[in-house]
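Visitor: sequence below, structure please.
(chains A and B)
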Amino acid sequence: MQIKKQWMCLWVFGLIASGFTADNSLVSKSLSYLVVSGDTLYTWNDQLNAYSQIDLWNSPVSINTVVRDKERLLRNPFALSGVQVGQEVFKESDTSRSIRFIAFDAKESNSLFEMQIKPNWNISTSDSNFLKEILRYKQSLQTFDWAQVGSDQYISFGLAGVAHFVLPTTNILSAKSLNTLAFESIDTFGVRKDSCLYNAECNFAKIKPDSTKNQYVAEQIEVWKDSTSNILLVGSSGDFGGKKGLRFRRANDSIWSLVGVMGLDTLSIKDVFRNPKTGEIFVLTPGEIYVSNGNIQSWKTIHENQPAIAKSLKSMDKVLMTSTGDTTWFYWGFPNSQGLSAYTGGAFKLFGDSTQITSLLVPHTVMPDQMRVQSLGSMQKNGVSMLLAAVVSSDEAATVGQGLNYLRLGVDTSWSNINRRRSVENDLNEVITFPTVYNGDVPVQLGYRLKKTGKVTIEVFNYAMEHVRTLVKNQRREGGVARSENVFEDRWDGTDKYGHQVATGVYYIRVKSDKGETGWGKSMVVYSP
Amino acid sequence: MKNLFILLYIATFSISGWAHDPPTLGGMGGTMDRMGVGIAELGAGNTGTARVDGSSAAFWNPALLPFYSKVRVNLGEDVRFLSRNGAYAAWEGRLAPNLGAGLVLHNRGDFNVPVYNENEEKLGIAKPQEIAITLGVGVKTSRYNSFGASMGWYNRQMDLGGVGNTQFTGIIDFGWYRRFNDRFQSAFVIRNIGLNTELSARYESQSGASIDGFSGSSTDFFPKTAIASVVYTAPWQKDAFTFSFELLDYLLMEEVWDADIQHNAFGTRLGVDYVWNQWISVRGGWDRGNMSTGASYTYKFGKRKMSVDYAILLERNLTFLNPFAIGLRLEL
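Guide: Numbers count the residues shown, from 1 in each chain, chains lettered A, B, ... in the order given. A predicted model of the protein is given here:
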């Protein structure tokens, strides 16, 4: 009996002393939307309601992810799959890195929500009375846009079939109600220009579009401020007395005036984009891209000098735009000929007079017919521009992944991808590592598929099956998905549990689920500093 | 005596639990070194430094070589889960009344590593292998005392077009063996000594080709290892139990000597052999968390003797057995 006690004590002591190392794995998922703030990239996960802050300027790429409502997520994962725009509204200061987002969920509830990411990555939902007011009209809310010129910030909202309005955002979170904002320098326009917007009791949801009168469709709105004059310009699309098109209005001392009309054959405007560097304005519709040099009065179609691509442009379904300096980039896509819900597309570079498409860059890591771009962005730092694309890639059967493609312009010649794309067929019978060979640069990503949703533990062993590191401990992973869900966490950077680089050799990675599934992958380390 | 061994077992077990894992000890070559040579040794927890009837004295302890009475040829194959393979072939024996020598060739590797690039394109199957040749010499200084030294040549092929390959010559082991009486034996071995000022068995991997743009080199070293061993044989009826105990100290630094406990990793090996009627041996062992068992059948033909060894290994952290380990020992 005495010996048994000694055994127990020493055993417990040994276990404690040897140390249980639990990796604090973050919960993240694939990327869907991009928000760029200065030289920092934020991504929005539209399924897990999670944000990531990604540093693409250093290698390896670092990702910090936070889930907005983890408990709620675990109970009932909710998908803001209809999020149309995730925009940074403003940041309070560079030192606090407190970022506020306003996103618009058009698909599920037509609601607005606002979140604030604080330095400790806690996210608080605003209790702004202003937003509460906006939510009262959520049934009519169709789009919003945001603009910043200097320190002035503006946000515009479009209400379906009614009107849209533009607000200065300086006091957006402290405003007590909609009417207290008072639109000091902003006016509304549209056929329903009445007192409703000045009256908090006005219920836009009850206002029905009147087809017999001029009807306004706030499909896309672009707000910008002319750099040479203190003028705010708003472009908005609609049906004005049977004439479809865009109207541009200018505000000056609270007086709005119509400064330009652009006739179109569609109300379905995909994007209105203004290159802040060149002042060029792009209007993107299905099948056509229009560009103006900024005077709004004269327009060209983008393919006038590129007839070969006119046919493709005519069938395009989705357009996204961004810019890096003088260069404007856009992504376009159209349903493929097989009728699948996948899109083909590419990113084009526009030069000079903006009517020449001179090069085609397709993210090389994804087959074009398996890719559609969710969001496009760009950022600059130290003279290097980076083009960003949030990509959804699909195979013939299902979506196999979402992720971020990025291209360092002038530095890299091909797109890099921090997501995995290969379809893993067998439930944990196949755990792949890519790149399998770790050479001290690119972390080893894991690809696997669980049969059932469960909590997963991923561990690394050396050739003698000595434990090297726990990569993931009891983290939830979705079942039935033909790829890893956590591409930024289910990976190995070649270090052991103490943070030391492991020695050259073969290493074995075990993926184990609490549902009884176990799979193994192998990696080869050829670099040990 | 029984209580002594129980206490020793408890103490070493606690040391093993307290000591941290040595995952970086020499990479594949280091693990190869720790995984040992010999199926009989494997079944007894890789306790081989004081085993005169083992599979390779040149590998475990060259001081055992002059105690061999005849020439021995030993072969073995050890295939483990996840396509890991290992094999050995040894020729050892006494050259003179007080001089023994031995040569052992052994390897470990993996014959199925699917290799993907960063874009998940499959490049092929790699079959990395590590091959070592060890030559040992032992001298008996008295009826009970002997010393020995061995030198090893390592060659690693990662099968990646030259990337990660390395060759290393001159890994030196020193051993001492003392036979107190028929019951007590002890040994002390220092492994992996290099020919430089730090006595470090250092090697460098050159990237002869390029994978994903990688080029350059990396350095690594086999950790200097001290092994203290005690063997006690307890007669039981007409047969005997043999208890083996080894304490290992891996020096994680390249210095000649570093007493800092944070710079050392410890481990223990325990083995028990039961020989029944001189023909059947049953054994079990524990090697730094790995549990094993095995058996041997010995057959005499004329003045020669042949033993067939079999072992099963349960590697720690895992829930499955490695059932395929077969060896052959011929005494000519």
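Visitor: just the strands in the stretch 51-200 of chain B please.
Guide: For the stretch 51-200 of chain B, applying DSSP state E, counting those that start in this stretch gives strands covering B:72-80, B:84-96, B:99-110, B:113-116, B:122-126, B:129-140, B:145-157, B:166-179, B:184-193.
Visitor: reformat those strands as CSV; add mean neighbour count, distance to A:T453 and mean pLDDT.
Guide: (Glycine included, C-beta is placed from N, CA and C.) Converted to CSV, those look like this (neighbours: other CB atoms under 10 Å in any protein chain shown; distance: least, CB to CB, whole Å; pLDDT from 0 to 100):
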stretch, mean neighbour count, distance to A:T453, mean pLDDT
strand B:72-80, 20, 32, 95
strand B:84-96, 19, 32, 94
strand B:99-110, 22, 32, 95
strand B:113-116, 22, 26, 90
strand B:122-126, 16, 28, 83
strand B:129-140, 21, 40, 95
strand B:145-157, 21, 41, 93
strand B:166-179, 20, 44, 88
strand B:184-193, 21, 47, 95
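Visitor: between these, which one is closest to A:P276.
Guide: strand B:113-116 (41.3 Å; CB to CB).
Visitor: contact partners of that closest one?
Guide: With CB atoms under 8 Å, 6 or more residues apart in numbering or on different chains as the test, strand B:113-116 has contacts from A:422, A:432-437, A:506, A:522, A:524, B:83, B:122-128, B:159-160.
Visitor: just the buried residues of those residues.
Guide: A:422, A:432-437, A:506, A:522, A:524, B:83, B:123, B:126, B:128, B:159-160 (16 or more other CB atoms under 10 Å in any protein chain shown).
Visitor: could you check how far B:L95 is from B:V71?
Guide: Distance, B:L95 to B:V71, by CB to CB, to the nearest Å: 10 Å.
Visitor: same question for A:H500.
Guide: Taking CB to CB, one finds A:H500 at 45 Å from B:V71.
Visitor: what do you get for B:L328?
Guide: 15 Å.
Visitor: please apply the same query to B:G109.
Guide: For B:G109 relative to B:V71 (CB to CB), the value is 29 Å.
Visitor: B:L195 too?
Guide: As judged by CB to CB, B:L195 and B:V71 stand 30 Å apart.
Visitor: A:L404 now?
Guide: For A:L404 relative to B:V71 (CB to CB), the value is 66 Å.
Visitor: so what's the residue count around B:E204?
Guide: B:E204 has 12 neighbouring residues, counting by other CB atoms under 10 Å in any protein chain shown.
Visitor: my guess is it contacts B:G164. True?
Guide: No: the pair formed by B:E204 and B:G164 falls short of the contact definition of CB atoms under 8 Å, at 11.2 Å.
Visitor: pLDDT weak spots in the stretch 301-450 of chain A?
Guide: The stretch 301-450 of chain A contains residues with pLDDT under 70 at A:302-319, A:330-374, A:391-403, A:410-426.
Visitor: mind redoing it with 50?
Guide: A:335-369, A:395-401, A:420-421 (pLDDT under 50).
Visitor: more crowded one of A:L404 and B:V71?
Guide: Between A:L404 and B:V71, counted using other CB under 10 Å, the more crowded position is A:L404 (29 against 15).
Visitor: so how far is A:L34 from the more buried one?
Guide: In terms of CB to CB, A:L404 sits 8 Å off from A:L34.
Visitor: now do the same end-to-end measure for stretch B:286-294.
Guide: 12 Å (CA to CA, to the nearest Å).
Visitor: sorry, back to before: between A:L404 and A:L34, what contacts are shared?
Guide: A:43, A:388, A:390.
Visitor: how about the nearest residue to the residue most central in space within chain B, chain neighbours excluded?
Guide: By CA atoms, centre = their mean, the mean C-alpha position of chain B lies nearest to B:G36, the distance being 2.2 Å. Once flanking residues are discounted, B:G36 sits nearest to B:N46: 4.1 Å by CB to CB, 6 or more residues apart in numbering or on different chains.
Visitor: identify the residues contacting the one you found.
Guide: B:34-36, B:269, B:271, B:285, B:287, B:292.
Visitor: rerun that using 7 Å as the cut-off
Guide: B:36, B:269, B:285, B:287 (CB atoms under 7 Å, 6 or more residues apart in numbering or on different chains).
Visitor: tell me the spacing between the residue nearest to the centre of chain B and B:Y68.
Guide: B:G36 is 19 Å from B:Y68, by CB to CB.
Visitor: over to A:G440?
Guide: 46 Å.
Visitor: low-scoring pLDDT stretches of the chain, where are they?
Guide: Answering for chain A, as no chain was given. For chain A, the ranges with pLDDT under 50 are A:1-31, A:69-127, A:138-140, A:160-164, A:168-218, A:230, A:254, A:335-369, A:395-401, A:420-421.
Visitor: actually it's chain B I care about, not the one you picked
Guide: Residues of chain B that meet the cut-off, pLDDT under 50, sit at B:1, B:4, B:7, B:9-11, B:13-23, B:207-215.
Visitor: tell me where it has helices.
Guide: Along chain B, the stretches classed as helices by DSSP state H are B:2-18, B:27-35, B:39-43, B:57-60.
Visitor: now the third one, how far from the chain's geometric center?
Guide: I take that to be helix B:39-43. The gap between where helix B:39-43 is centred and where its chain is centred comes out at 10 Å by CA atoms, centre = their mean, to the nearest Å.
Visitor: repeat for the last one
Guide: Taking CA atoms, centre = their mean, one finds the center of helix B:57-60 at 8 Å from the center of the full chain.
Visitor: neighbouring contacts of it?
Guide: Residues contacting helix B:57-60 (CB under 7 Å, 6+ apart): B:37, B:48-49, B:51, B:54, B:64-65, B:90, B:92, B:102-104, B:134-136, B:150.
Visitor: need the max-distance pair from the residues you listed.
Guide: B:R51 and B:L135 (19.4 Å).
Visitor: which outside residues touch stretch B:303-317?
Guide: A:461, A:465, A:467, B:39-40, B:42-43, B:289-299, B:321-323, B:325-332.
Visitor: generate a PyMOL selection restricted to the buried subset of those.
Guide: Here is the PyMOL command that selects the buried residues among the contacts of stretch B:303-317 (16+ other CB under 10 Å):
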select buried, (chain A and resi 461+465+467) or (chain B and resi 39+40+42+43+289+290+291+292+293+294+295+296+298+322+325+327+328+329+331)
